[in-house]
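Student: could you work out the structure for the sequence below:
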Amino acid sequence: MHLPCPHCQHPLTPGATSCPGCGTSLLREATPGGSEPTCAFHPHRVSLAICDRCGSFACAECLRLNSRREVVCQRCHALDQDAPLPWDRREELGTFTAWWKTVVHVMLHPDTFPTLRPQGSAGGSLLFTLLCSLPTSFMMGLLYLGLFAFLPSRLAEEFREDTVQGWMGPFMFAFCMIAGPLFSLASTVIFAGLDHLVLMLGGVNRGFQVTFRAHALSQAPWVLGLVPCVGIYVAPVWALVARAFAYHGLHRTTWGVALAGSLLTPLLSCCMCGGAYLFMFNLMRGLT
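Tutor: Predicted coordinates for the structure are as follows:
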């Protein structure tokens, strides 16, 4: 993308300090009390253009062209490094190491999403989601295994007398280890699609692949499912916070759109599920 020279309209490359067409210097001094907008970083100079990323006025010296062909100011250009996550370097680091480093990065440094690479492969996003779901599935499986093996209740005693008891615990453990990751993969695909519709209504112009990557990365807090009792309650809240940061950073959108994209679908799902349960409860009460 090129800018027009304010004097001769010759195309300018962002970063040029003089026009290659007419030779006029583009570093104009601002007139004190004048009406022309001034550079946000050099207030004594007249602005040449507005940053496509943050909307700040910038002089010719401050303008840059980023990798997405956007004209940005020097601050946004410094932030926009398109840096890869450890997960993007898993062939170099190893899958488990890359996954763990990415989990830590997403959980502790969500404010760096604007500097990260916005796109990744769908297979990589699915694999990351799968790995993040395993700790919670494992803990749930252990819970059921212990429930059927050690729970001192009348139900457990009945199972001990029945032939079902011997395999019920291992069966539930295997069921959690299989069904949990499959449910996580399916819900990630579905909810990412619904989130993307909300984000599109908010004006984002990047594709579904970015939303899918952001949604998958926001699954990182589910490793807290390994923490007994509290982890299963903290993980979904932390994941929603990480998702808002991911949508805001990878889509380069406003906080309002990012929050709507991350919260609207879960809220509507909860309302629909709650309404369905309430309807069934009233129906059963009416039948009795």
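Student: the residue nearest to residue 57 when sequence neighbours are not counted - how many residues pack around it?
Tutor: Using CB to CB, 6 or more residues apart in numbering and skipping residues adjacent in sequence, the residue nearest residue 57 is residue 47, 3.5 Å away. Yep, even glycine has a C-beta here, placed from its N, CA and C like the rest. Residue 47: 23 surrounding residues under other CB atoms under 10 Å.
Student: got it, and residue 54?
Tutor: Neighbours around residue 54, by other CB under 10 Å: 14.
Student: cool, residue 209 as well?
Tutor: 16.
Student: got the contact list for the nearest residue to it once chain neighbours are set aside?
Tutor: Distances taken as CB to CB, 6+ apart place residue 119 nearest to residue 209, at 5.5 Å, with adjacent residues excluded. Residues near residue 119 by CB atoms under 8 Å, 6 or more residues apart in numbering: 209-210, 213.
Student: just these now: which is nearest residue 167?
Tutor: For those, the closest approach to residue 167 (CB to CB) belongs to residue 213, at 40.2 Å.
Student: burial count for the residue nearest to the closest one when sequence neighbours are not counted?
Tutor: Nearest residue to residue 213 in three dimensions, chain neighbours excluded: residue 120, at 4.7 Å (CB to CB, 6+ apart). Here the count is done by other CB under 10 Å, and residue 120 has 22 residues near it.
Student: what does residue 253 give?
Tutor: By other CB under 10 Å, 19 other residues sit near residue 253.
Student: give me phi/psi at it?
Tutor: Backbone torsions of residue 253, given as degrees, to the nearest 10, read phi -110, psi 180.
Student: wait, isn't it in contact with residue 247?
Tutor: Yes. If you go by CB atoms under 8 Å, residue 253 and residue 247 touch, sitting 6.7 Å apart.
Student: name the residues contacting each of the two.
Tutor: Common neighbours of residue 253 and residue 247, using CB under 8 Å, 6+ apart, are residue 199.
Student: all helices of this structure, in order?
Tutor: 74-79, 90-93, 95-108, 122-150, 154-161, 165-201, 208-217, 231-250, 255-287 (DSSP state H).
Student: could you dump those into TSV and include distance to residue 21 and mean pLDDT?
Tutor: Output for these, formatted as TSV (distance: least, CB to CB, whole Å; pLDDT from 0 to 100):
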stretch	distance to residue 21	mean pLDDT
helix 74-79	24	75
helix 90-93	46	90
helix 95-108	46	95
helix 122-150	46	90
helix 154-161	86	51
helix 165-201	40	90
helix 208-217	38	96
helix 231-250	38	93
helix 255-287	40	79
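Student: give me whichever of those is most buried.
Tutor: The densest packing among the helices of the chain, expressed as mean neighbour count by mean count of other CB atoms under 10 Å, is seen in helix 208-217 with a mean of 24.
Student: run through who's touching that helix.
Tutor: Residues outside helix 208-217 that contact it (CB under 8 Å, 6+ apart): 85, 87, 102, 106, 113, 118-120, 122, 125-126, 128-129, 188-189, 191-193, 195-196, 199, 242-243, 246-247, 249-251, 261.
Student: could you give the angle of that helix to helix 255-287?
Tutor: For helix 208-217 against helix 255-287, the angle by axes from the mean of the first three to the mean of the last three CA atoms, to 10 degrees is 70 degrees.
Student: centre of the chain to helix 208-217, how far?
Tutor: Offset of helix 208-217 from its chain centre (CA atoms, centre = their mean, to the nearest Å): 6 Å.
Student: what's the domain layout of this structure?
Tutor: 1-80, 86-287 (automatic domain parsing).
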